[in-house]
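J.: Dropping a prediction and its sequence here:
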Amino acid sequence: MKRILPFLLALVSSCQPQTTDSPVPSGGISGISASVSEINVDDGTSKTVTFSWTAPDDEVIDVLFDKDGGDFSNPVYKGRSSQAGAKSLSLTYGSLNAIARMAGIADGQQGKVRWTVSGSVSGLYKAFATISVKRSSGSSEEPPTPVETHVHKERAEAFWSLIKQHYGTSSGLFTEEAGGRNTSFLWPYDGLVSGLACLNKLGVNVDYTGYVEKFQRYWRSSGVANVGGYGSSTNGSTGSGDRFFDDNSIVGLNLVEAYRQTKDSKYLTRCAQIVKFLRSGEDNTFGGGLWWNESHKNEPGNDDSNKPCCANGYACWFLTSYYEFCPAAEKAEVLAFAKRLYDFLYTTLRDTDGLYWNSKGADGSLNNVKWTYNTGAMIASGARLYAITGEKGYLDAAKKSASAAYAQFVKYADGAGSFYPDHDSWFNVKLIRAYMELEPYYDSCKSYIDTFISNLDYAWTHARMNNGLFYEDWTGATPRPDRDKTLLMQDAVLEALGAVAVYKGE
């Protein structure tokens with residue numbers, strides 16, 4: 001895998017919110033207003049106030065309400081415009097009475113409620129307004145149920161448009177960096193197709209099979225081993241560069257998903273070719289396992305010569321996924337291969353806490369850094385091996401790794417709450433996809449996933465550049481310009497939005 005190196009209601013008034021959050025894009029939202037500046041609920045609960053905004057026709061708008069002094073990071077109520085292009089939302093006095101109560105205004109008292117809007121593309125608007133509400137005594141009317149929304153699906157669609165705008169090329173491939181000239185390496189393209197698979201599953205027209213087919217532009221008929229496999233780069237039509245075993249396994253996962261969604265057997269044929277390539281990377285050094293790069297096997301002193309968790313873990317995840325659909329004649333061999341790789345990692349790179357170290361070098365040294373995606377691969381592999389074999393040991397190990405990963409990686413971020421690591425966002429998404437695979441067997445995964453969804457929603461309004469793209473750091477606290485502009489960091493957002501929308505049944 002060619003790498004981006006990991007990171008060790010008075011008067012309706014408008015004013016700038018007092019917040020220490022990093023800048024967010026205001027996009028085309030250019031103004032907000034309300035039909036009245038002050039209401040007395042005793043004048044009639046059925047009367048209405050209309051909240052309006054100016055925004056592009058493709059924006060879906062949320063109207064956020066917060067207590068006086070709030071910063072909308074945890075609004076007391078959120079209303080949704082009925083459809084993209086809508087320019088207003090009307091609420092009854094009775095509904096505003098309840099919202100005011102939620103904002104801390106007592107029965108019969110008068111107080112201010114802040115409101116603003118957030119766009120599906122633009123994010124949180126740069127200013128807010130207030131409305132003064134004189135509450136009725138003793139009324140407990142609740143706010144209306146918001147319009148049924150598909151917020152993560154809608155955001156994924158909007159974000160896909162941004163990716164095409166900043167990374168798309170006339171060849172149908174994508175650049176490694178926003179506005180760059182160089183076609184992306186295979187790894188970021190892998191990540192992109194993973195996100196598009198989610199959108200296609202949601203019924204969004206993204207030319208999914210067309211992008212799956214473009215994997216073939218990275219295909220090399222041979223390399224160090226006289227067997228086909230996907231290269232780490234492309235000249236636009238054919239593959240080039242070193243061939244990595246983790247890259248090929250992630251392509252394999254995408255091809256399995258393409259078959260799952262289309263039932264086109266050519267994807268299984270390509271999966272079988274990847275299995276052959278993976279076999280070329282396995283030997284008995286250290287008792288088994290795959291090397292990282294076919295060009296650097298067993299070269300002591302070369303840091304690129306190692307047997308890593310990523311190559312073996314993602315190969316196992318791929319093999320246990322392919323097993324579901326592969327021809328009956330292949331099943332025994334595919335399962336045996338997956339078990340060998342799982343056992344190698346379990347005995348060689350698993351720490352006593354259930355997390356996994358990064359790699360074992362050709363010289364026998366251990367790289368004991370623990371990354372979210374490595375443990376994620378083994379969680380998913382364990383869940384799938386349990387589903388295939390019924391052997392409870394796989395499930396027990398996956399559960400232990402899942403809880404240990406949450407305890408290890410989720411920390412408190414000042415002003416943002418519990419947060420997954422503020423770096424390598426694609427790695428974090430892979431851990432969450434693994435939690436989604438384990439969740440049917442382990443209820444704790446629900447809360448782990450919920451934390452991630454909260455992170456994703458926070459990032460939508462707090463961790464975006466002026467062009468709408470995301471920072472690598474989803475808390476928004478630490479911009480890293482050289483890394484933020486890479487396609488892989490945006491892939492993470494697209495896949496996260498799509499996967500969450502699928503998970504929530506949007």
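T.: Ah, there it is.

J.: Counting by contacts, list what the helix ranked longest in the chain packs against.
T.: Secondary structure of the chain read by DSSP state H shows that its longest helix is helix 328-348. On a contact count with 3 or more C-beta pairs under 8 Å, 6 or more residues apart in numbering; DSSP states H and E, helix 328-348 meets helix 266-279, helix 309-322, helix 372-389. C-beta: built from backbone N, CA, C; applies to glycine.

J.: how about the strands in the stretch 401-506 of the chain?
T.: 411-413, 417-419 (DSSP state E, counting those that start in this stretch).

J.: Just name the most buried of the helices and strands packed on helix 328-348.
T.: helix 309-322 (a mean of 30; mean count of other C-beta atoms under 10 Å).

J.: pull the CA atoms of that helix into PDB?
T.: The C-alpha coordinates for helix 309-322 follow below in PDB (Å, rounded to 0.1, in the frame of the first residue of the first chain):
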ATOM      1  CA  CYS A 309      -1.300  -6.800  10.300                       C
ATOM      2  CA  CYS A 310      -2.800  -4.800   7.500                       C
ATOM      3  CA  ALA A 311      -1.800  -7.300   4.700                       C
ATOM      4  CA  ASN A 312      -2.800 -10.300   6.700                       C
ATOM      5  CA  GLY A 313      -5.900  -8.900   8.400                       C
ATOM      6  CA  TYR A 314      -7.400  -7.500   5.300                       C
ATOM      7  CA  ALA A 315      -6.600 -10.600   3.400                       C
ATOM      8  CA  CYS A 316      -8.500 -12.600   6.000                       C
ATOM      9  CA  TRP A 317     -11.400 -10.100   5.900                       C
ATOM     10  CA  PHE A 318     -11.500 -10.500   2.100                       C
ATOM     11  CA  LEU A 319     -11.200 -14.300   2.100                       C
ATOM     12  CA  THR A 320     -14.000 -14.700   4.700                       C
ATOM     13  CA  SER A 321     -16.200 -12.400   2.600                       C
ATOM     14  CA  TYR A 322     -15.400 -14.100  -0.700                       C
END
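
J.: Specify the angle between that helix and helix 266-279 in degrees.
T.: Our comparison of helix 309-322 with helix 266-279, counting by axes from the mean of the first three to the mean of the last three C-alpha atoms, to 10 degrees, yields an angle of 140 degrees.

J.: Break the chain into its domains for me.
T.: According to automatic domain parsing, the chain comprises the domains 31-149, 150-183+413-506.

J.: starting at the chain centroid, how far to the last one?
T.: This points to domain 150-183+413-506. 4 Å (C-alpha atoms, centre = their mean, to the nearest Å).

J.: Let's see stretch 432-452 as CSV, backbone CA atoms only.
T.: The C-alpha trace of stretch 432-452 is given here as CSV (Å, rounded to 0.1, in the frame of the first residue of the first chain):
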residue,chain,number,x,y,z
ILE,A,432,-16.4,1.3,12.5
ARG,A,433,-17.1,-0.9,9.5
ALA,A,434,-15.8,-3.8,11.6
TYR,A,435,-18.0,-2.8,14.5
MET,A,436,-21.0,-2.9,12.1
GLU,A,437,-20.1,-6.5,11.1
LEU,A,438,-19.8,-7.5,14.8
GLU,A,439,-22.8,-5.6,16.1
PRO,A,440,-25.4,-8.4,15.4
TYR,A,441,-23.4,-10.6,17.8
TYR,A,442,-22.3,-7.9,20.3
ASP,A,443,-24.7,-5.2,21.5
SER,A,444,-21.9,-3.0,22.9
CYS,A,445,-21.0,-2.2,19.3
LYS,A,446,-24.1,0.0,19.1
SER,A,447,-22.7,2.5,21.5
TYR,A,448,-19.3,2.4,19.8
ILE,A,449,-21.0,3.2,16.5
ASP,A,450,-23.1,5.9,18.1
THR,A,451,-20.0,7.7,19.3
PHE,A,452,-18.6,7.6,15.8
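
J.: coming back round to it: of all the strands of the stretch 401-506 of the chain, which lies closest to residue 119?
T.: Residue 119 lies closest to strand 417-419 among these, at 23.2 Å (C-beta to C-beta).

J.: Which of the residues in that closest one are classified as buried?
T.: Across strand 417-419, burial judged by 16 or more other C-beta atoms under 10 Å covers residue 419.

J.: Direction included, what does that strand pair up with?
T.: strand 411-413 (antiparallel) (DSSP bridges).

J.: Run the chain-centre distance for the partner strand.
T.: Average the C-alpha atoms of strand 411-413, do the same for its chain, and the two points are 19 Å apart (C-alpha atoms, centre = their mean).

J.: Just send the helices and strands packed on helix 328-348 back as CSV, with distance to residue 439 and mean pLDDT too.
T.: Supplementary listing: these in CSV, determined by distance: least, C-beta to C-beta, whole Å; pLDDT from 0 to 100:
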stretch, distance to residue 439, mean pLDDT
helix 266-279, 25, 98
helix 309-322, 16, 98
helix 372-389, 9, 98
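
J.: which stretch among the ones you listed comes nearest residue 154?
T.: When those are compared by C-beta to C-beta, helix 372-389 sits nearest residue 154, at 26.6 Å.

J.: Alpha carbons of the closest one, as CSV, please.
T.: C-alpha atoms of helix 372-389 as CSV (Å, rounded to 0.1, in the frame of the first residue of the first chain):
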residue,chain,number,x,y,z
THR,A,372,-7.6,1.4,14.6
TYR,A,373,-7.8,-0.2,11.2
ASN,A,374,-5.6,-3.2,12.1
THR,A,375,-7.6,-4.2,15.0
GLY,A,376,-10.7,-3.5,13.0
ALA,A,377,-9.7,-6.0,10.3
MET,A,378,-9.3,-8.7,12.9
ILE,A,379,-12.6,-7.9,14.6
ALA,A,380,-14.4,-8.3,11.2
SER,A,381,-12.4,-11.4,10.4
GLY,A,382,-13.3,-13.0,13.7
ALA,A,383,-17.0,-12.2,13.3
ARG,A,384,-17.0,-13.7,9.9
LEU,A,385,-15.0,-16.8,10.9
TYR,A,386,-17.5,-17.3,13.7
ALA,A,387,-20.4,-17.0,11.3
ILE,A,388,-18.8,-19.6,9.0
THR,A,389,-17.5,-22.1,11.6
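
J.: orientation of it relative to helix 309-322 in degrees?
T.: Using the same axes, to 10 degrees: helix 372-389 against helix 309-322 is 30 degrees.

J.: Where do the helices of the stretch 101-250 of the chain begin and end?
T.: 151-167, 186-201, 208-213, 245-262 (DSSP state H, counting those that start in this stretch).

J.: distance of residue 62 from residue 493?
T.: Relative to residue 493, residue 62 is positioned 18 Å away (C-beta to C-beta, to the nearest Å).

J.: Mind exporting the C-alpha coordinates of the longest helix of the chain to CSV?
T.: Output of helix 328-348 as CSV, limited to C-alpha atoms (Å, rounded to 0.1, in the frame of the first residue of the first chain):
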residue,chain,number,x,y,z
ALA,A,328,-18.2,-24.8,-3.7
ALA,A,329,-14.9,-26.4,-5.0
GLU,A,330,-13.0,-23.4,-3.7
LYS,A,331,-14.6,-23.1,-0.2
ALA,A,332,-12.4,-25.4,1.7
GLU,A,333,-9.2,-23.9,0.4
VAL,A,334,-10.3,-20.3,0.9
LEU,A,335,-11.4,-21.0,4.5
ALA,A,336,-8.2,-22.8,5.3
PHE,A,337,-6.2,-19.9,3.9
ALA,A,338,-8.2,-17.4,6.0
LYS,A,339,-7.7,-19.4,9.1
ARG,A,340,-3.9,-19.6,8.5
LEU,A,341,-3.6,-15.8,8.2
TYR,A,342,-5.9,-15.3,11.3
ASP,A,343,-3.8,-17.7,13.4
PHE,A,344,-0.6,-16.0,12.3
LEU,A,345,-1.7,-12.6,13.4
TYR,A,346,-3.3,-14.0,16.6
THR,A,347,-0.1,-15.7,17.7
THR,A,348,2.4,-13.1,16.3
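
J.: That'll do, ta.
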